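Chemist: pasted the sequence and its predicted model underneath.
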Amino acid sequence: MAAVLVLARGLSVGPMAALEAAPTGALYSTLLMLHVVCAVVGFGAIGITGIQATRARRGPTAPGADGVRRYFRPGVNWIGRALYGVPVFGFCLLAASGGAFRAGDGFVVAGLLLWSTAAVAAESLVWPVERRIQLVVWRHWEEAAPGALDRDCRLVAATAAVLAVVFVAATVLMVGKP
């Protein structure tokens, strides 16, 4: 252990307190797992929506159109709402950390800003436009004017791509804890 700490100091990995006082225990590990699962599932669902929107642009006669139609079945994308569990379990992690991490830590504040960006983008762009795509694909995809559907699909795909970058940035931030 001492060799690892000396090596970490030599490599300037970060604050030694974070290396020495890393929270442990079943509760903390469970909360961490739930925090990560919510992030992966929530951002993953948004990413899949972007991929399916790209596929929807190909039209109702393209290969895989039945899968697109099934994906864009009308209804709320509840799986994507797992995104809301990220800060809930994040704050629970802070409480269970035994003081090792605080709400004012830079990585926590930056993570909340990234999450807020993702939540606003999902609520204002991805999910409302996804509902419009659902209506077109489910009801009258064959007769739909391609311009509006194409624009909606591009918007969802582009926003999902940006949110994938946000997810990667947040993951690096949470693992690195600068």
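Modeler: Arrived safely, thanks for sending.

Chemist: helices of this structure, start to end?
Modeler: Taking DSSP state H as the criterion, the chain contains helices spanning 2-11, 16-20, 26-56, 65-71, 85-96, 106-121, 127-139, 146-176.

Chemist: and the residue most central in space within the chain, what does it touch?
Modeler: For the chain, the residue whose C-alpha lies nearest the mean C-alpha position (Cα atoms, centre = their mean) is Phe43; its distance is 2.5 Å. Residues near Phe43 by Cβ atoms under 8 Å, 6 or more residues apart in numbering: 83, 118, 163-164, 166-167. No exception for glycine: its C-beta is placed from N, CA and C like everyone else's.

Chemist: I'd like these as a markdown table, with neighbour count, pLDDT and distance to Leu34 appended.
Modeler: Shown next, in a markdown table, are those (neighbours: other Cβ atoms under 10 Å; pLDDT from 0 to 100; distance: Cβ to Cβ, whole Å):
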| residue | neighbour count | pLDDT | distance to Leu34 |
| --- | --- | --- | --- |
| Leu83 | 23 | 97 | 13 |
| Ala118 | 23 | 96 | 18 |
| Leu163 | 25 | 97 | 20 |
| Ala164 | 15 | 97 | 21 |
| Val166 | 18 | 96 | 20 |
| Phe167 | 21 | 96 | 17 |
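
Chemist: now render those as CSV, adding distance to Pro178.
Modeler: Output for these, formatted as CSV (distance: Cβ to Cβ, whole Å):
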residue, distance to Pro178
Leu83, 23
Ala118, 20
Leu163, 22
Ala164, 21
Val166, 17
Phe167, 18
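
Chemist: of the residues you listed, which pair is most distant in space?
Modeler: Maximum pairwise distance among the contacts of Phe43 (Cβ to Cβ): 12.9 Å, between Leu83 and Ala164.
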